[in-house]
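Give me a 3D structure for the following:
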Amino acid sequence: MSNELILTLFLYIIICNIIYSFFDFNYDFDNSIAFDIEQALNSKLIYNFQQKYNCDKDEEALILGKWKGLNEGCKCLGHRVTKGRCRRRNSLNSLVVYVGCEDRPAIPSKYYEKFDNKKFCVKRSTETYRYLLLNKQVINNNETCPEGYKCCGIIDTLNRKLCKKINEECPITINDVNSLKNNSENSKILSRIKISEYKPCMNPHQEDWYQVYGLEYPSKKCTEINGNKYDLKYEKLKFVTNKYDLYKDNDIIEHYPDNTYFNLQNEEIYLYGRNYIGIDIQDIKEFSYDNLIYYEKLSERHYKYIWVISIGSLLCLLLCFLESKSIYLENILNNDKAKFYLFFLIILLIINISINLILFICNLKIKTIIDLDGNDDYTIGIINSLKKEVRVNYIFNLISLIIFAITTIYMIKLYK
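Prediction:
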């Protein structure tokens, strides 16, 4: 009975890792709150906001968002376009192209640079948001700027104010863009611009974007965070267009069939603006986007082997049972072929556990980096959702490591 417990624990490790391999482990930090924080810290203040056909040499054209591109597809006469190639393998394993069908190639993603056939041209300051925080030019809302400085508006989502020297120009605010003459001290400084069909989602890598064509990549619909689906910190700017014109202006419309044009023309697109994500000065010292990307890539590089090794381990365990015609360890050890498969199984389990250990360390490092608590409710809510994703992964790693440790200790005591 004692020996059989070892095989049972081996089976638990294998099953745990097979289940784990079905999880979507890709953190996708490029489309997460972590990327927003990194962008905010390194972003520079916006000056001289104008809409032009071409920007001057000392100006920068704003990137307004990203079109995801199109999947490859197949269009057959009398049928709607479907994802995937038209070619199929027949019973003789040769490729067949169906008559009247045409392959549609995949189209790569592209950034929106034009809105209403014009670019948004801006001039940037030399100081980043990180510099302004460390230089103590960002103060709490109930404080006043020091002597020789003036308040230029609300710089971030923590409702803090920006102080600039009296002789320096203030950055553009949302009220400036919308031609509203309100008290500049209460105006939100424009930092982030986003194209959206509806209000921008609370989660930055989700959007309620209506699909009009079968080859479009599906969007992750807005989900609630802290009771809100939409990020109310974004304010609608005075610019509006429709999807057809947006795609035409950015050389995208040519990839859509004529029968989608009517729907595209009836889908209005708005421009939204927001100030910086409020970040506590202490969190700046602990947050490193480069380290996040490093651990993400390291994790993904090893994670892809979990499935293969787990299936291989399960196959070796089954071969042990088949060769020995028994589920008892003693009978397996008395059969040379079964014993070989058992040895190979143990090697695979050691490799699997080594990978789990690497993933566990990576997940702990990621968890430490994104443990940012000194922020606004919006940011904390988004970060907590990211923490849950990390927590699921390292819990699976931890379970595998614990079972393996128990198995190792048990084997040592059993055969001592």
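
so which strand or helix has Glu323?
Secondary structure from DSSP states H and E places Glu323 in helix 289-324.

Output the contacting helices and strands for that helix.
helix 2-21, helix 33-42, helix 329-333, helix 336-369 (3 or more CB pairs under 8 Å, 6 or more residues apart in numbering; DSSP states H and E). Every C-beta, even on glycine, is put in place using the N, C-alpha and C of the backbone.

how far off helix 2-21 does it point, in degrees?
140 degrees (axes from the mean of the first three to the mean of the last three CA atoms, to 10 degrees).

Off-centre distance for helix 289-324?
Centroid separation for helix 289-324 versus its chain: 23 Å, with CA atoms, centre = their mean, to the nearest Å.

In it, which residues are buried?
289, 292-293, 295-296, 299, 302-303, 306, 309-310, 312-314, 316-317, 319-321, 323-324 (16 or more other CB atoms under 10 Å).

got a list of what the closest residue in space to Ala106 that isn't next to it in sequence touches?
In this structure, Ala106 finds its nearest non-sequential neighbour in Glu72, 4.1 Å apart by CB to CB, 6 or more residues apart in numbering. Residues near Glu72 by CB atoms under 8 Å, 6 or more residues apart in numbering: Lys83, Gly84, Arg85, Asp103, Arg104, Pro105, Ala106, Leu215.

now that we have those residues, which one has the most neighbours?
Counting neighbours by other CB atoms under 10 Å, the top entry in the contacts of Glu72 is Leu215, with 23 neighbours.

Quick check: the gap between that residue and Arg80.
For Leu215, the distance to Arg80 equals 10 Å [CB to CB, to the nearest Å].

Please apply the same query to Ile383.
According to CB to CB, Ile383 stands 41 Å off from Arg80.

So for the two, which sits in the more crowded spot?
Ile383 (20 against 9).

Next up, phi/psi of the residue nearest to Ala106, please.
phi -70, psi 150 (degrees, to the nearest 10).

what about the residue nearest to Gly278 when sequence neighbours are not counted, neighbour count?
Spatial nearest neighbour of Gly278, excluding adjacent residues (CB to CB, 6+ apart): Leu158 at 2.9 Å. Taking other CB under 10 Å as the neighbour definition, Leu158 ends up with a count of 19.

List the residues that contact Leu158.
Per CB under 8 Å, 6+ apart, neighbours of Leu158: Gly278, Ile279, Asp280, Asn375, Asp376.

Quick check, the first one in contact with Thr379.
Yes. The pair Gly278 and Thr379 passes the contact test of CB atoms under 8 Å, sitting 6.8 Å apart.

More neighbours: the two, which one.
Thr379 (25 against 21).

Regarding that one, what is its secondary structure?
Under DSSP: H, G, I helix; E, B strand; the rest coil, the three-state class of Thr379 is helix.

One more: the one 5 residues further on?
Secondary structure for Asn384, judged by three-state DSSP, is helix.

Likewise for the one 3 residues further on?
Lys387 carries the three-state label helix when classified by three-state DSSP.

ok, it touching Leu372?
No. Shown here, Lys387 and Leu372 do not form a contact pair, counting by CB under 8 Å, at 9.9 Å.

Have a look at those two and say which one is more surrounded.
Leu372 (20 against 16).

follow-up on the earlier one: of all the helices and strands packed on helix 289-324, which one comes closest to Ile409?
Smallest distance to Ile409 across these (CB to CB): 10.6 Å, for helix 2-21.

Can you check what angle separates the closest one from helix 336-369?
Using the same axes, to 10 degrees: helix 2-21 against helix 336-369 is 50 degrees.

How far does helix 2-21 sit from its chain's centre?
On CA atoms, centre = their mean, the centre of helix 2-21 falls 32 Å from that of its chain.

tell me what that helix is packed against?
helix 289-324, helix 329-333, helix 336-369, helix 377-415.

and it with helix 377-415, angle?
Using the same axes, to 10 degrees: helix 2-21 against helix 377-415 is 160 degrees.

avg pLDDT for helix 2-21?
When pLDDT is averaged along helix 2-21, the result is 72.

which residues are contacting it?
With CB under 8 Å, 6+ apart, helix 2-21 has contacts from 303, 306-307, 309-311, 313-314, 317, 327-330, 345, 349, 352-353, 356, 393, 396-397, 399-400, 403-404, 406-407, 410-411, 414.

The closest residue to Leu64 other than its chain neighbours pairs with what?
Once flanking residues are discounted, Leu64 sits nearest to Tyr112: 4.2 Å by CB to CB, 6+ apart. Beta-bridge pairing of Tyr112 under DSSP bridges involves Gly65.

And Leu162, by the same measure?
Val138.

give me every residue that touches it.
Leu132, Gln137, Val138, Cys151, Cys152, Gly153, Ile154, Ile155, Cys170, Pro171, Ile189.

Can you tell me which of these lies closest to Glu38?
Nearest member of the contacts of Leu162 to Glu38, counting by CB to CB, is Leu132, at 15.8 Å.

Can you report how many residues neighbour Glu268?
That count, for Glu268 with other CB under 10 Å as the rule, works out to 12.

Is it in contact with Thr241, as I believe?
Yes. Look at Glu268 against Thr241 with CB under 8 Å: they come within range, at 7.4 Å.

re earlier: quick one: common contacting residues for Gly278 and Thr379?
Thr157.

Which SSE is immediately downstream of the helix or strand of the chain with the lowest mean pLDDT?
Ranked by mean pLDDT, DSSP states H and E, the helix or strand of the chain with the weakest confidence is strand 95-96, at a mean of 44. Going down the chain from strand 95-96, the next helix or strand is strand 101-104, by DSSP H and E.

distance of Asn175 from Glu235?
9 Å.

ok, those two, which is more surrounded?
Neighbour totals were compared for Asn175 and Glu235, and Asn175 leads with 19 against 16 (other CB under 10 Å).
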